[in-house]
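**Student:** Kindly generate the corresponding structure for this input.
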Amino acid sequence: MMRKTTKKKIAPIVITVLVIAYIAPLMAIVLGAMGLWSGGETVNVMFPLLCWLVVGGAVIAGALKALRERLREIDGGEEEDASQY
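**Tutor:** Prediction:
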């Protein structure tokens, strides 16, 4: 039988996995477009692609941070405390 907190953790984990599954391939495409995986000796780094790569990494980092905080809230019982008022 699942604990009450385990059920609450499923949605944030699923959303985080979906965000990463969406952003990570885009980042891989950007790296490929920059020539980093082509084996070429010269790397043509275009500024917009580099910005897109940085933003993608920031989105993934933010999603993981939000997930960590949400799981701590659930484990800490903060929702149950608030529902008493």
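**Student:** residue closest to the middle of this protein?
**Tutor:** Centroid check for the chain by CA atoms, centre = their mean gives residue 60 as the closest residue, at 2.9 Å.
**Student:** list the buried ones in the helix or strand harbouring that residue?
**Tutor:** Applying DSSP states H and E as the criterion places residue 60 in helix 47-76. Neighbour-count burial for helix 47-76 flags 49, 52, 53, 56, 59, 60, 63, 67, 70, 71, 74 (criterion: 16 or more other CB atoms under 10 Å). For every residue, glycine as well, the C-beta is placed using N, CA and C.
**Student:** And stretch 7-27, by the same measure?
**Tutor:** For stretch 7-27, a neighbour-count test (16+ other CB under 10 Å) marks 8, 9, 12, 16, 19, 20, 23, 27 as buried.
**Student:** how about the nearest residue to the last one, chain neighbours excluded?
**Tutor:** Meaning residue 27. residue 56 (4.3 Å; CB to CB, 6 or more residues apart in numbering).
**Student:** Verify the contact between the one you found and residue 20 for me.
**Tutor:** No - look at residue 56 against residue 20 with CB atoms under 8 Å: they stay out of range, at 10.0 Å.
**Student:** tell me the contacts of residue 20?
**Tutor:** 60, 63, 64 (CB atoms under 8 Å, 6 or more residues apart in numbering).
**Student:** cool, residue 70 as well?
**Tutor:** Per CB under 8 Å, 6+ apart, neighbours of residue 70: residue 12.
**Student:** Check the spacing between it and residue 28 real quick.
**Tutor:** 27 Å (CB to CB, to the nearest Å).
**Student:** ok, now residue 12?
**Tutor:** When residue 12 is compared with residue 28 (using CB to CB), they lie 25 Å apart.
**Student:** And residue 68, by the same measure?
**Tutor:** 24 Å.
**Student:** And for the nearest residue to residue 49 once chain neighbours are set aside, the neighbour number?
**Tutor:** Closest residue to residue 49 apart from its sequence neighbours, by CB to CB, 6+ apart: residue 30 at 5.0 Å. Neighbours of residue 30 under the rule other CB atoms under 10 Å: 20.
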